[in-house]
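>>> How does the following fold in three dimensions:
(4 chains)
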Number of protein chains: 4
Amino acid sequence: MKKIIIQIHCKDQSGIIASVTNFISDNNGNIVYIDQHVDREQDIFFMRVESEFTTFSMDGFTSNFRDVLVEKFQMKWRIYNAEDKPKMAIFVSKYDHCLYDILGRYRSGELHCELPFIISNHLDLKYIADNFNIPFYHIPVTKANKLEAEKEQLKLLKEHNIDFIVLARYMQIVSGKLIDLYKNKIINIHHSFLPAFVGAKPYHSALKRGVKIIGATSHYITEELDAGPIIEQDVARVSHTYSIKDLITKGRDLEKIVLATAIKHHINRKVMVYNNKTVIFY
Amino acid sequence: MKKIIIQIHCKDQSGIIASVTNFISDNNGNIVYIDQHVDREQDIFFMRVESEFTTFSMDGFTSNFRDVLVEKFQMKWRIYNAEDKPKMAIFVSKYDHCLYDILGRYRSGELHCELPFIISNHLDLKYIADNFNIPFYHIPVTKANKLEAEKEQLKLLKEHNIDFIVLARYMQIVSGKLIDLYKNKIINIHHSFLPAFVGAKPYHSALKRGVKIIGATSHYITEELDAGPIIEQDVARVSHTYSIKDLITKGRDLEKIVLATAIKHHINRKVMVYNNKTVIFY
Amino acid sequence: MKKIIIQIHCKDQSGIIASVTNFISDNNGNIVYIDQHVDREQDIFFMRVESEFTTFSMDGFTSNFRDVLVEKFQMKWRIYNAEDKPKMAIFVSKYDHCLYDILGRYRSGELHCELPFIISNHLDLKYIADNFNIPFYHIPVTKANKLEAEKEQLKLLKEHNIDFIVLARYMQIVSGKLIDLYKNKIINIHHSFLPAFVGAKPYHSALKRGVKIIGATSHYITEELDAGPIIEQDVARVSHTYSIKDLITKGRDLEKIVLATAIKHHINRKVMVYNNKTVIFY
Amino acid sequence: MKKIIIQIHCKDQSGIIASVTNFISDNNGNIVYIDQHVDREQDIFFMRVESEFTTFSMDGFTSNFRDVLVEKFQMKWRIYNAEDKPKMAIFVSKYDHCLYDILGRYRSGELHCELPFIISNHLDLKYIADNFNIPFYHIPVTKANKLEAEKEQLKLLKEHNIDFIVLARYMQIVSGKLIDLYKNKIINIHHSFLPAFVGAKPYHSALKRGVKIIGATSHYITEELDAGPIIEQDVARVSHTYSIKDLITKGRDLEKIVLATAIKHHINRKVMVYNNKTVIFY
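Model prediction:
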């Protein structure tokens, strides 16, 4: 059995669902999952379909898909083999908790992806990568060497055909070139409940504001800091008894879970991005 | 525009989704919502569809539906006019918070239903019904008069064509006859996080067990006490500082929200029941 | 038995707790509740004590309190009779859900306060006040009459010895004079998770940002909009399926619970304000 | 500066708080933390105090403590040096996620304890212990060798002066002798929201019951299975879309956080046990 995942979005029109399901049926597919959403404000239709085939040719199917559907509905679309494992690269700095959590899940088989390498601007976490037998590349970043650093990163990303990047508390700003090449494919974890406390030291800002709840947010990186499409968020209650150290400790648990959840949604092709927001077909 | 809601479930088979979407298309409907779920354990397929038509005949459509789909897939099915407002009866005793919350939402238009009457085994809450201009029927229940009480209730339910019943902290056991007539149509609120603390005085049991979290559960009534299909649950954190009075006070907020949420899911035809569980297409 | 509640704050120093407990003991009081907190950043000590006395004179006790403790530790302090019910005034506009929720709790005895009147800039909610037999004063507010409106409000507040004010989705900006007179005594409910989405139409901003969680925040009013000390916050999960109407509906449940919780903390003298933040001794 | 932590409980009586604070003051201590709770049902008083001393003798202080307070109020009491690190032993079987999470926190300094060894009835997780340089003892358990296994465990626990034990998804029933020796010192993680789904396969039971929320509970082990005093609980929302595998995956995140939280409360001497419940002074 071959399974594929189809993501579609286009202007909302009459008859899309029937046309798509008809098409799959005509191509001998059996639909095992279908979900849709219409953004009535923007008048945009989104759909995610999983379909099984006894025999399947990606080239043949996509060719038919274009002929029959894409033109007709002016669709934006992606089709994936369900069994394909996207290649994930992780960027880290000195904080270990997110990296550590991801690697534990990766080793236990929870993440349906490949992990060709880890990049870091410091050496502190090399030992964790070694423990898990993941290649570790130390690419320091200074004001002076930003172009070379970027060049090295891009070289590795290209060599290994990396599909998406995870910034696991990576403390450097990612270059514009990287953002362009990996549009909606760089997942960041920001240690606040966006859009509150954008930028540096959000826990300190949270302490100052005296909030009773802190949060963590996972989002795709865009040119604007902490402003990209939100994939997942979660919160935890705090109180006046929390020192800055307590907020940071509690926040780490949130960051780990929120980042891992976002990574899984991405790996499983459940996320569609439109208008700086995400539609996530759980 | 006429909109209908279709709920289907049957043994999982190849081609159901395509057949249904085809059928609707052939009958000039435009699907505006579709969601499905396969219970792989039981091998059962569930689907909920919303479809719009410029012209529509319920008799014609359901007749075709039977001919083309029901037999073929051995479907269990229901079709509703989206604009129809189900008729809801509320049963109460002395606790006012759930009734009060429901009536506030009803008056503000949040509940797409009709509310022909309220039944109570006490007179305490009559003044609330009067405030909201809802007919109030006092039907006391004692060990001796259970049959007459049931008879009165059934008479009122039948007279007003009641579609479903809400037990808003109603403290009497509902008769088996009523349960049969209203299978999966009597919504109860139980003041615990089922299946913990079934039966009477769950807050006292929660206090005794020293739980750090309390909950409320809304479910359909079945013959077995507090064992019916769960529609909605929610929880709140508590601690050793909570006296029984504090647990009850905090629990009331949960009960109100959980019951209202379950009522809305039911009214909006989002709930399907199978194997003593609910599938809720949000 | 006479019970009093003492709130203290001062620069953190050695021996405060022992001195206070000693003092109460010397004055024949039995401490039934004590909690404290040191803000180590600011080096400020906070304490809340509940103490019982067989015989008690407020004048005598506070006089001794000043002599023995206040000077020595340079304390800021308040002492309340536990049985005294603070007088609460509610300001509303057209949204009824918060008012309705507060009145339900008030009538059931959940709020240990008095409710002399409700003020509104519209007449829409008069019928609710009438239902609950609470005096209702219609004070319209326009660009032209702000001074007279304020004058009328202050007159009523003064006449009735109002202790604190609740803005239950009151849509007018409260005057600076009122804020001065009722410093840390005007509780507002803002329909977002502060500091995100300050100002008007936060649900629309939340929808635009594509957050996966919405919130409500209760805070004391200060000169700066939505920037005052936060008393209570809570959140609820949402998704791309939520239209603006759905966000508003879900948000209403949050607003009710969060505002009621803040009101209860205030009534029960559990809140201490310092440095634009609250210390809440649950 | 020497800091000590005092835990007291006794029958509720007049003057305890003043007496204790006086005593500490007379012994030249400065109280930096005090919290108390009265269980009015049982009429029991609980108190937790942290006090600092420039010079301190544990023997001298506890001797005075006995003379002045214990007899007078019939106190049960414990006094700890805040800097002492309790010795924690971990028991595991094959599930790695909890062990892995604890070791990550241990290595980062988040757990103020020592970790002399890990015991397991299988060899599967030896490599993790090796990675973290923690001695690992393989003690298989069969129906036939229960007594020897227990003997080996007790020998290790005694040799290393273990203060408390963590069962991190350890799948064997702990012997009665161990429970007696370590009363309220064996922390277990049960993968359900107790008291729901006691015993084996709680996720399967949760799936069957169709709950909309799953949970994890950390508690002290007692003779009765899953019935000991609850330390911490947390929940997560699920839906009909969750297969048994999904429930287990989601539950793992809860188990990790709940167990770690309970361990920290225990290490920080914040937990007091009475009447099969815990009082936790956060």
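
>>> and the gap between the residue of the stretch 101-250 of chain A found nearest chain C and chain B?
Across the stretch 101-250 of chain A, the shortest distance to chain C (CB to the nearest CB) belongs to A:Gly210, at 2.9 Å. Quick note: C-beta positions are derived from backbone N, CA and C, even for glycine. Distance, A:Gly210 to chain B, using CB to the nearest CB, to the nearest Å: 20 Å.

>>> What of A:Tyr100?
As judged by CB to the nearest CB, A:Tyr100 and chain B stand 27 Å apart.

>>> Does chain D have contacts with the helix or strand hosting A:Lys245?
For A:Lys245, the host element (DSSP states H and E) is helix A:244-267. Yes: Helix A:244-267 comes into contact with chain D (CB under 8 Å from any CB of the partner chain), by way of A:Thr249, A:Asp253, A:Ile257, A:Ala260.

>>> most neighbours, which of those?
If you count neighbours using other CB atoms under 10 Å in any protein chain shown, the busiest of the residues of helix A:244-267 next to chain D is A:Ala260, which has 24 neighbours.

>>> Which strand or helix spans A:Glu50?
Per DSSP H and E: A:Glu50 is located in strand A:44-53.

>>> If you count contacts, what does that strand end up packed against?
strand A:2-11, helix A:16-26, strand A:30-39, strand A:271-274 (3 or more CB pairs under 8 Å, 6 or more residues apart in numbering or on different chains; DSSP states H and E).

>>> For the first one, which strands pair with it and how are they oriented?
The partner list of strand A:2-11 in its sheet, established with DSSP bridges, is strand A:44-53 (antiparallel), strand A:76-81 (antiparallel).

>>> how close does A:Cys113 get to A:Val49?
Separation of A:Cys113 from A:Val49 (CB to CB, to the nearest Å) stands at 21 Å.

>>> Look at the two and report which has more neighbours.
A:Val49 (23 against 19).

>>> out of everything not next to it in sequence, what's closest to the more buried one?
In space, and not counting its chain neighbours, A:Val49 is closest to A:Ile6: 4.4 Å by CB to CB, 6 or more residues apart in numbering or on different chains.

>>> Around the one you found, how many other residues sit close by?
The number of residues packed around A:Ile6, counting by other CB under 10 Å, is 26.

>>> tally of neighbours for A:Cys269?
No, residue A:269 isn't Cys; it's Arg. 20.

>>> before we move on, what about A:Gln153?
For A:Gln153, the neighbour count with other CB under 10 Å is 22.

>>> host element of it?
helix A:146-159.

>>> which residues are in contact with that helix?
Applying CB atoms under 8 Å, 6 or more residues apart in numbering or on different chains, the contact partners of helix A:146-159 are A:89, A:117, A:119, A:121, A:137, A:139-141, A:162, A:165, A:175, A:177-178, A:181-182.

>>> which ones among those residues are found in strands?
A:Ala89, A:Phe117, A:Ile119, A:Tyr137, A:Ile165 (DSSP state E).

>>> just those residues now: which is nearest B:Arg237?
A:Ile165 (36.7 Å; CB to CB).

>>> A:Val92 is in contact with the closest one, correct?
No: in terms of CB atoms under 8 Å, A:Ile165 does not count as a neighbour of A:Val92; the distance is 11.3 Å.

>>> pLDDT score for A:Asn22?
You'll see A:Asn22 listed with a pLDDT of 89.

>>> Pretty sure it sits against B:Asn22.
Yes: A:Asn22 is within contact range of B:Asn22, at 6.1 Å (criterion: CB under 8 Å).

>>> what residues does chain A put near chain B?
Residues of chain A lying near chain B (CB under 8 Å from any CB): A:14-15, A:17-18, A:21-22, A:24-25, A:30-36, A:38, A:237.
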